[in-house]
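>>> Sharing a model that was predicted from the sequence below.
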Amino acid sequence: MKFNKSSLKTRMLLGVTVFALTTASCAPIVRQNGHLMDQRVINNLEVGLITQREVSRMMGAPSTVGDFDGETWYYITSVIEQYAWRAPTVTNRQIVAVKFDNESHLIASVDKYGIEDGRIINFSKRETPTKGRELSFLEQLFGNVGRVSAEDLTDPNNQNQRN
């Protein structure tokens, strides 16, 4: 079987294209979400010497603030990788918690957490538990039998209607 040069070049180009597309589909898409951490700035956070205002100027606004006292600022960043059709996975997470003294507003502590410090939690199912007993289908169906009197049915202006 004979190949001419243009046919050989076309086949080689097609092969290289298929190889490139296959290789590119194996490379992950990497995203960084949250606060951009600068390790030099984090290492310069000195306990008892730097105020909230200076931390805000050095690191920017926190990702979130503690709910109860508002004196703990959290700077959170996550690195997420996704391969082609697979679900995204968090490959790295860093949380810097800067706690301030309530009175002096100076840094009281700087804590660093990573993905290994995380815990898996169960989210709420959005169901509110109720107290009391649950009625069966038949109890619900026949529960109002006998609660309506003939007087209630005949007098539309009856002021003594039961709810």
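Right, received. Where do you want to start? Numbers count the residues shown, from 1 in each chain.

>>> Pass me the low-pLDDT residue ranges in the protein, would you?
Low-confidence segments of the chain, defined by pLDDT under 70, span residues 1-5, 23-25, 120-124, 129, 146, 148-163.

>>> Going along the chain, name the strands of it.
If you assign secondary structure with DSSP state E, the strands in the chain sit at 29-34, 64-65, 72-82, 89-100, 107-114.

>>> looking just at contacts, which helices and strands does the last one meet?
Where contact means 3 or more CB pairs under 8 Å, 6 or more residues apart in numbering; DSSP states H and E, strand 107-114 is packed against strand 89-100. (C-beta placed from N, C-alpha, C; glycine too.)

>>> Neighbouring strands of the strand it packs on in the sheet, and parallel or not?
As defined by DSSP bridges, the strand partners of strand 89-100 come to strand 72-82 (antiparallel), strand 107-114 (antiparallel).

>>> need the longest helix for the protein.
If you go by DSSP state H, the chain has its longest helix at helix 5-26.

>>> before we move on, the earlier item: any idea which of the strands of the chain gets closest to residue 16?
Among those, strand 29-34 comes nearest to residue 16, with 23.0 Å by CB to CB.

>>> ok, residue 75 touching residue 98?
Yes. Taking CB atoms under 8 Å as the contact criterion, residue 75 and residue 98 are neighbours in contact, 7.3 Å apart.
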